[in-house]
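Engineer: turn this into a structure:
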Amino acid sequence: MNEVDLLSSWDETIELLDAYETLLSSSQQETLKLYFRFNLSLSEIAEEKGISRAAAFDALKKGIAKLDYYESVLGLRRKSKIVREFVEMVENTSDLETIKKQTNQLKEAFDDGI
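Structural biologist: Model prediction:
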């Protein structure tokens, strides 16, 4: 993973950070928040934490890898997206039968462990 990869998945990583931040170590939380929420550069993070730029980049990579792991195991981001899409469908549909059908499909998906 390089800096371009970090930027390309910016929004996804912020969503994962929102979902799993408390599962990270305090050091990983701080590093990821400085980079993704406060938009500090790797050099600025390194200076702030008293570490090298390479160490800051390594901490970012490891933190992101943990977020990805938690998502693969728990799937909170994926489930949240499905629920948001369901709510949007319900808000835009007046057909009760369609809503019932979609509700049953959503329930089955969650029961199957999506």
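Engineer: looking at this structure, which helix is longest?
Structural biologist: helix 53-74 (DSSP state H).
Engineer: contacts for it?
Structural biologist: 1, 3, 6, 9, 13, 16-17, 19-20, 23-24, 27-29, 31-32, 35, 42-43, 45-46, 49, 51, 76-78 (CB atoms under 8 Å, 6 or more residues apart in numbering). Placement of C-beta: from N, CA and C, glycine included.
Engineer: run through the chain and note the low-pLDDT ranges.
Structural biologist: Applying pLDDT under 70 to the chain picks out residues 1-8, 113-114.
Engineer: mind giving me the ChimeraX command for buried ones among the contacts of helix 53-74?
Structural biologist: In ChimeraX, a selection of the buried entries from the contacts of helix 53-74 looks like this (16 or more other CB atoms under 10 Å):
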select :6,13,16,17,19,20,24,28,29,31,32,35,42,45,46,51,77
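Engineer: coming back round to it: specify the next element, helix or strand, located C-terminal of the longest helix of the chain.
Structural biologist: With elements assigned by DSSP states H and E, the helix or strand that comes after helix 53-74 is helix 76-91.
Engineer: what angle do the helix or strand following that next one and helix 76-91 make?
Structural biologist: Sequence order places helix 96-111 as the next helix or strand after helix 76-91, per DSSP H and E. Calculated by axes from the mean of the first three to the mean of the last three CA atoms, to 10 degrees, helix 96-111 forms an angle of 170 degrees with helix 76-91.
Engineer: show me what helix 96-111 is packed against.
Structural biologist: helix 76-91 (3 or more CB pairs under 8 Å, 6 or more residues apart in numbering; DSSP states H and E).
Engineer: before we move on, back to that, now, which of the contacts of helix 53-74 lie within strands?
Structural biologist: Using DSSP state E, no member of these falls in strands.
Engineer: domains for this protein, by residue range?
Structural biologist: 3-74, 77-111 (automatic domain parsing).
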